[in-house]
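J.: Show me how the following folds:
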Amino acid sequence: MLHISKTTKEVLNAAAEYFVKTADEAIAKQGRFTVALSGGSSPKGLFELLASEYHSKVDWTKVFFFFGDERYVPADHPDSNALMAKKALFDSLKISPNQIFAIDTSLQPKETAEAYQKEIEKHFAPGLPTFDLILLGLGDDAHTASLFPHTEVVNATEIGVKEIFVPEKNVYRITFTAPLINLAYHIAFLVFGSSKAEAVRHVLKGDKEYNSYPAQLIQPSNGDVAWFMDEEAALKINSN
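T.: Sure, this is the predicted structure:
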């Protein structure tokens, strides 16, 4: 499902409407909405929009927030995905701490991943960890979450959370595995700018080369994938 808009504002509005729709459906069906947020710069505008123009359109007391990946930095570090979400979304909406499941980066990377996996399993017990919505971005190199090209986690077959060392950035990341992401009922990519156009083309139209273009791994078994893009990001979808 492709949603291509001219302006950033139009992209964000379409994504916000989608968020509200999936939240309403989940809350009506099961009394709660569990979402995994993405980090980086792309979702910040969406979070701020949800916290302002859309704040009255969701029953926020029934929304539970997880993170699809996190940078292995202290909780108060400027690069923390959870800190960005706190400032852009949680604080404005006065979300209860009991509804926010941040990744505990005070542990060692492997222990951090294992602890977060247990947190997720506890939330969804006794069933499989099936998120109502997982928000994702896309890197210029076609990575999504922290599934980076030619890293061990790309080949992970377990439904869970893994630590990954990214040599190019000399940092650890904590990330959902592709099998965990693919359990979700709804997955939404938020992508902006011409620098992403080549990656978008490879992921949506290219030959399957998962190690080179990890976002190709996102193929939910019983869910759907929506792409929210501006025209610059979608520029090469129809090119050879």
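J.: Name the residues linked to the residue lying closest to Ala15 once chain neighbours are set aside by a beta bridge.
T.: Computed as C-beta to C-beta, 6 or more residues apart in numbering, the closest residue to Ala15 that is not its neighbour in sequence is Phe228, at 4.4 Å. For glycine as for every other residue, the C-beta is placed from the backbone atoms N, C-alpha and C. Beta-bridge pairing of Phe228 under DSSP bridges involves His3, Leu190.
J.: wait, Phe228 sits on Val200?
T.: No - using C-beta atoms under 8 Å, Phe228 is not in contact with Val200; the gap is 11.6 Å.
J.: The two: who's more crowded?
T.: Phe228 (27 against 24; other C-beta atoms under 10 Å).
J.: wait, what's in contact with that one?
T.: His3, Ser5, Val11, Ala14, Ala15, Tyr18, Ala188, Phe189, Leu190, Val191 (C-beta atoms under 8 Å, 6 or more residues apart in numbering).
J.: Could you dump the residues you listed into a markdown table and include pLDDT, neighbour count and distance to Lys62?
T.: Formatted as a markdown table, these follow (pLDDT from 0 to 100; neighbours: other C-beta atoms under 10 Å; distance: C-beta to C-beta, whole Å):
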| residue | pLDDT | neighbour count | distance to Lys62 |
| --- | --- | --- | --- |
| His3 | 92 | 18 | 26 |
| Ser5 | 93 | 17 | 29 |
| Val11 | 95 | 24 | 26 |
| Ala14 | 97 | 18 | 23 |
| Ala15 | 97 | 26 | 20 |
| Tyr18 | 97 | 20 | 18 |
| Ala188 | 97 | 25 | 19 |
| Phe189 | 96 | 27 | 25 |
| Leu190 | 96 | 25 | 23 |
| Val191 | 95 | 25 | 28 |
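J.: could you dump these to a markdown table with distance to Phe124?
T.: Formatted as a markdown table, the entries for those read as follows, by distance: C-beta to C-beta, whole Å:
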| residue | distance to Phe124 |
| --- | --- |
| His3 | 28 |
| Ser5 | 33 |
| Val11 | 30 |
| Ala14 | 28 |
| Ala15 | 24 |
| Tyr18 | 22 |
| Ala188 | 20 |
| Phe189 | 23 |
| Leu190 | 24 |
| Val191 | 28 |
